[in-house]
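>>> Model the structure of this input:
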Amino acid sequence: MLRPNDLLRHRTVTWAAAHGLTAYVLGGGYEPNDGVYRHKRNFAPQGLLPFRVACLVHDAAATRELAARRAATERGWSPRPGYFPPYRS
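Take a look at the predicted model:
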């Protein structure tokens, strides 16, 4: 198995260290304390760093269209409140 994600992570850490950085943020998961979050947490044995994520829509009409398409093709689907982007909820 080639494990490209491990190579990417290694290269990121190598680049950051070469530029004098001592930490970087992998981000969170999709839900509080989900499997993605727990996996990423394994890379922070000395604790977590605070971070923020911006949720920006550059094309509101396209975002509405994607949500409408999904609603039209998936019976009973509607955007989950607070999920970003709404058409992926």
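>>> how much space between Gly82 and His19?
Per CB to CB, to the nearest Å, Gly82 is found 35 Å from His19. From N, CA and C alone the C-beta is placed, and that goes for glycine too.
>>> Next secondary structure after the least confident helix or strand in the chain by mean pLDDT?
Across the helices and strands of the chain, mean pLDDT, DSSP states H and E gives its lowest value to helix 35-41, namely a mean of 86. Downstream of helix 35-41, the first helix or strand assigned by DSSP states H and E is helix 60-73.
>>> So which elements touch that following helix?
The helices and strands touching helix 60-73, judged by 3 or more CB pairs under 8 Å, 6 or more residues apart in numbering; DSSP states H and E, number zero.
>>> mind listing what's buried in it?
Residues Thr63, Ala67, Arg70 are the ones in helix 60-73 that count as buried (16 or more other CB atoms under 10 Å).
>>> Next one, pLDDT for the last one please.
Arg70 carries a pLDDT score of 94 in this model.
>>> can I assume it is in contact with Trp77?
Yes: between Arg70 and Trp77 there is a contact at 5.8 Å, judged by CB atoms under 8 Å.
>>> so what's Tyr30 up against?
Val36 (CB atoms under 8 Å, 6 or more residues apart in numbering).
>>> do you know how far it is from Phe51?
Distance of Tyr30 to Phe51, computed by CB to CB: 16 Å.
>>> Repeat that for Arg3.
25 Å.
>>> Check Tyr83 too.
Relative to Phe51, Tyr83 is positioned 19 Å away (CB to CB).
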